[in-house]
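**Student:** pasting a predicted model and its sequence here:
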Amino acid sequence: MRPTARTWEAEEYATCLGELSRGLSRTLHRLEAIAAAPERLLAEEGVAESLPSLQYALHRVGELVVGLEPPPGAEAAHADLADALGDAREATAEVAEAVDHGGPEAAAWLVHEWRGALFRVRLAQMRLAPRRLPAAPLPVPAPPGHDRGALLATLLVLAGTFVVTCGAVLGSWPLWTVGLVLAAGALVAYRP
């Protein structure tokens, strides 16, 4: 079977998107770490100054995403990723500007929107990720029912115990032997 042009396009798109995602993942990880504890981290030296370069990284990936042509059926998710990257870039710029003008405390009211924008990028990436086929289901064992072998083994053990006890009370060695044979028959009757 010969692959169609659409198959190649979809594979090329997935490869390009995967390469973009690797770089974007580092940027998002750093931004999410700052957004998790903004008052503490933005007060540290060099962290607030790193926001413009992280913002530019979002811008660059956004431009590359806009330059990709999605395969049929992925247009909406692709556009959502481009929009999410733009929103994350703008939210990061607002936080950087607020920190420049008023310090980390001034950016505190922007943090929830910023986190939401970063999460939206992750969600858009997830929607574009290639779908993996679900693993084959494991065979489900049949529900336990009435196992006749187990029932027969139980009855043989009970009968053998009763006969051995009777033989012991009466002092009859032949009864003991019959009881032991019945109990041993349980081992043959039930094979798990």
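**Tutor:** Cool, got the structure. Remember, it's a predicted structure, so these values are computed and weren't measured experimentally.

**Student:** could you chop the chain up by domain?
**Tutor:** For the chain, the domain assignment from automatic domain parsing gives the residue ranges 12-128, 148-189.

**Student:** so how far is the last one off the chain centroid?
**Tutor:** The chain centroid and the centroid of domain 148-189 are separated by 55 Å, computed with CA atoms, centre = their mean, to the nearest Å.

**Student:** and for the longest one?
**Tutor:** When C-alpha coordinates are averaged (CA atoms, centre = their mean), domain 12-128 and its chain have centres 22 Å apart.

**Student:** ok, residue 183 touching residue 155?
**Tutor:** No. With contact defined as CB atoms under 8 Å, residue 183 does not reach residue 155; the gap is 11.0 Å. Any C-beta I mention is one placed from the backbone N, CA and C, and that applies to glycine too.

**Student:** looking at those two, which one has more neighbours?
**Tutor:** Neighbours were tallied for residue 183 and for residue 155 using other CB atoms under 10 Å; the higher tally belongs to residue 183 (18 against 14).

**Student:** find the nearest non-adjacent residue to the more buried one, please.
**Tutor:** Of all residues not flanking residue 183 in the chain, residue 160 sits nearest, at 3.2 Å (CB to CB, 6 or more residues apart in numbering).

**Student:** residue contacts, that neighbour?
**Tutor:** 179-186 (CB atoms under 8 Å, 6 or more residues apart in numbering).

**Student:** how close does the residue lying closest to residue 113 once chain neighbours are set aside get to residue 165?
**Tutor:** Excluding the flanking residues, the one nearest residue 113 by CB to CB, 6+ apart is residue 91, at 5.7 Å. Computed with CB to CB, to the nearest Å, the distance linking residue 91 and residue 165 is 83 Å.

**Student:** related to what we said a few turns ago, mean neighbour count, the domains of the chain: which tops it?
**Tutor:** Of the domains of the chain, the one with the most neighbours on average (mean count of other CB atoms under 10 Å) is domain 12-128, at a mean of 17.
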